[in-house]
Each structure stands twice: as structure tokens, then as C-alpha cells.
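Engineer: structure for this input, please:
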Amino acid sequence: MAGMATWNTHPKVFLDVARTGQAKCPYCSTVYRLKDGEHVHSH
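Structural biologist: As a prediction, this is how the structure comes out:
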């Protein structure tokens with residue numbers, strides 16, 4: 001893994017931020033949140 005960018009070693013995951021406005025990555029524990037007042041619109 002020497003020489004590989006850190007983001008390139010992270011598995012691709014789906015995080016459902018639309019349901020609660022935030023989600024935590026199960027691999028790296030980063031919490032992603034929608035900005036205040038931001039909403040996800042469904043199709």
C-alpha cells in the first residue's frame with residue numbers, strides 16, 4: 001500500500017444521510033452531516 005493515496009484504500013460505502021440528516025462511516029468513523037437548512041429531495 002506504500003504510495004497509495006489514503007482515499008484509494010477506503011472501501012466504497014453508501015451512507016443514508018437523507019433519512020436523519022447525518023451518517024457515520026463504519027470504516028473510518030467520519031460523520032457526514034447535511035448543512036443547516038439543507039434537505040435531500042427525492043425523485
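Engineer: residue 33 reaches residue 22, doesn't it?
Structural biologist: Yes: in this structure, residue 33 is within contact of residue 22 by CB atoms under 8 Å, at 4.2 Å. Any C-beta I mention is one placed from the backbone N, CA and C, and that applies to glycine too.
Engineer: shared neighbours of the two, anything?
Structural biologist: Common neighbours of residue 33 and residue 22, counting by CB atoms under 8 Å, 6 or more residues apart in numbering, are absent.
Engineer: which residues make contact with the helix or strand of the chain with the lowest mean pLDDT from outside it?
Structural biologist: Every helix and strand in the chain was compared by mean pLDDT, DSSP states H and E; the lowest is helix 17-20, with a mean of 89. The contact list for helix 17-20, computed with CB under 8 Å, 6+ apart, reads 23, 32, 33, 34, 40, 42.
Engineer: helix or strand right after that helix?
Structural biologist: Downstream of helix 17-20, the first helix or strand assigned by DSSP states H and E is strand 22-24.
Engineer: give the pairing partners of that next one; include direction for each.
Structural biologist: Sheet pairing for strand 22-24, assigned by DSSP bridges, gives strand 31-33 (antiparallel).
Engineer: below-threshold pLDDT in the chain: ranges please.
Structural biologist: By pLDDT under 70, the weakly predicted segments of the chain are 1-7, 42-43.
Engineer: change it to 90
Structural biologist: Counting by pLDDT under 90, the chain shows low-confidence ranges at 1-12, 18-19, 27-28, 36-43.
Engineer: burial of the closest residue in space to residue 15 that isn't next to it in sequence, as a residue count?
Structural biologist: Take residue 15 and drop its neighbours on the chain: the residue closest to it by CB to CB, 6 or more residues apart in numbering is residue 23, 3.7 Å away. The tally of other residues near residue 23 (other CB atoms under 10 Å) stands at 18.
Engineer: for residue 41, see how far away the closest residue to residue 31 other than its chain neighbours is.
Structural biologist: Using CB to CB, 6+ apart and skipping the chain neighbours, the partner closest in space to residue 31 is residue 24 (4.9 Å). Distance, residue 24 to residue 41, by CB to CB, to the nearest Å: 23 Å.
Engineer: no further queries at this time; thank you.
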